[in-house]
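1. have a look at this prediction, sequence included:
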Amino acid sequence: MFIGAGHITLRQLLSHQAGLHRIRGVVPTAEELLDHVNVTDLIAAQVPHRPDRGGTGYHGFTFGWLVAGLVKQVTGMGLREAVEVELSKPLGLDGFWIGAPEAEWHRVAQLFPPTPKVLRAERFAARAERYSTTRYLAEALIVDGWERLVFDDPARRILGAEMPAANGVFTARALAKMYAALATDGSVDGVQVLSPETLREAGRVQNRSRDYVLGLPMRWRLGYHQAFTAGRPAWKAFGHFGYGGSGAWADPETGLSLAFVTSRLGSVTTPVGDTRLPRIGAAALGVVRQLDGVLPARHRRSWAGRPHSRPTSRRGR
């Protein structure tokens, strides 16, 4: 995989500072997203582009293909295979795929668009591209024909493709279990997913400036952003929200991992306008903090992810 121009570090790429956020105009239509190899080549060939002020710009679509290319170079495996070998099988996850096997499609919920559907993505993009404040949002998150591919394709081809940024298929239970390793010492149920040193580095904030795509500070880590919750912030928590409102995060401070998946999408383009996961997260953290305040210290230690005979993480779903 070759990135078109300039020197880009791995840290810049993983923290969304590479300037490779554009999918609109790089990949002409959503139909072409089904061709993993071609999309990888198109994204890798683009010239980095960012505002003069620099900073982070959410690589909403492109991030998945860029990371998949890196994984391929390092391991020789595609991302779909790497997820299965490194995460799904070792952790015993039932329902954790980048592109679901066809034999499992009957289990996958039908997606429903926001209701009422008053703003189609293409219409939004046409308006957004006129203004400097929203142009980057359209470039990063909207491809012509995307809604038709997601909601109106009888063959459900999106389920079988390798589309790393857009067709992860998960149960909340499986997603929360994976994040449980990130909420503790890098392990869950005796399986070491990451070393404690790697986990600490992955959770370190790389940039606190306003993201030029999303328009707000994301406090990007290496691949993860701040876990947004209603009410009192959880500053050490990190994870990722996804298209329409699904997402998950881990909080090393409390040992809590939480995942939420939905089939009725709450926003036209991004989860920014969907408050379900932030509200669920605030409620879960509120319970955890109350329990930590009233339970004996020996129980609090285990719930904060320190060694103890009891489970070392909480998994929300």
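-> Thanks, I have the structure now. Numbering: from 1, shown residues only.
2. show me the contacts for Asn167.
-> When contacts are counted by C-beta atoms under 8 Å, 6 or more residues apart in numbering, Asn167 touches 98-99, 158-159, 161. C-beta here means a position set from N, CA and C on the backbone, and glycine is covered the same way.
3. what kind of secondary structure is Tyr136 in?
-> helix (DSSP: H, G, I helix; E, B strand; the rest coil).
4. use 460 as the first number for this chain going forward.
-> OK, 460 is where the count begins now, so the last one is Tyr595.
5. who's in contact with it?
-> Tyr595 sits next to 480, 510, 516, 671-672 when contact means C-beta under 8 Å, 6+ apart.
6. just the buried members of the residues you listed?
-> Buried subset of the contacts of Tyr595 (neighbour count, 16 or more other C-beta atoms under 10 Å): 480, 516, 671-672.
7. tell me the one of the residues you listed nearest Glu543?
-> Ranked by distance to Glu543 (C-beta to C-beta), the buried ones among the contacts of Tyr595 are led by His480 at 28.2 Å.
8. and the pLDDT at the closest one?
-> Per-residue pLDDT puts His480 at 95.
9. please apply the same query to the one 5 residues further on.
-> Val485 is assigned a predicted lDDT (pLDDT) of 96.
10. pull the number of nearby residues for it.
-> Val485 has 18 neighbouring residues, counting by other C-beta atoms under 10 Å.
11. where are the low-confidence patches of this protein?
-> Applying pLDDT under 70 to the chain picks out residues 460-465, 573-591, 725-732, 753-776.
12. what's the neighbour count on Leu492?
-> 24.
13. tell me the spacing between it and Pro613.
-> Leu492 is 18 Å from Pro613, where distance means C-beta to C-beta, to the nearest Å.
14. for this structure, just list every one of the strands.
-> Applying DSSP state E to the chain gives strands spanning 555-557, 627-629, 646-647, 650-651, 684-685, 697-700, 706-710, 715-719, 773-775.
15. contacts for the first one, please.
-> Read it as strand 555-557. Contacts with strand 555-557, where a contact means C-beta under 8 Å, 6+ apart, come from 538-539, 542-543, 546-547, 563, 621-623, 626-630, 633-634, 637.
16. give the PyMOL command for selecting the buried subset of the residues you listed.
-> Filtering the contacts of strand 555-557 down to the buried ones (16+ other C-beta under 10 Å) takes a single PyMOL command:
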select buried, resi 538+539+542+543+546+547+621+622+623+626+627+628+629+630+633+634+637
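17. quick check, nearest of the buried ones among the contacts of Tyr595 to Leu596?
-> Lowest distance from Leu596 to those (C-beta to C-beta) belongs to Val672, with 5.6 Å.
18. next one: phi and psi at the closest one?
-> phi -90, psi -50 (degrees, to the nearest 10).
19. quick check: it touching Tyr517?
-> Yes - Val672 is within contact range of Tyr517, at 4.1 Å (criterion: C-beta atoms under 8 Å).
20. and for those two, which residues touch both?
-> Joint contacts of Val672 and Tyr517 (C-beta under 8 Å, 6+ apart) are 480, 599-600.
21. what's the end-to-end length of stretch 493-509?
-> Start and end residues of stretch 493-509 are separated by 27 Å (C-alpha to C-alpha, to the nearest Å).
22. hang on, isn't Glu657 packed against Asp644?
-> Check again: residue 657 is Thr, not Glu. No - assessed by C-beta under 8 Å, Thr657 is found out of contact with Asp644, at 11.0 Å.
23. neighbour count winner among those two?
-> Asp644 (21 against 12).
24. pretty sure the more buried one sits against Glu656.
-> No - shown here, Asp644 and Glu656 do not form a contact pair, counting by C-beta under 8 Å, at 10.4 Å.
25. show me the contacts for the residue lying closest to Arg723 once chain neighbours are set aside.
-> On the basis of C-beta to C-beta, 6 or more residues apart in numbering, the spatially nearest residue to Arg723 that is not a chain neighbour turns out to be Phe571, at 4.5 Å. Counting by C-beta under 8 Å, 6+ apart, Phe571 makes contact with 610, 722-724.
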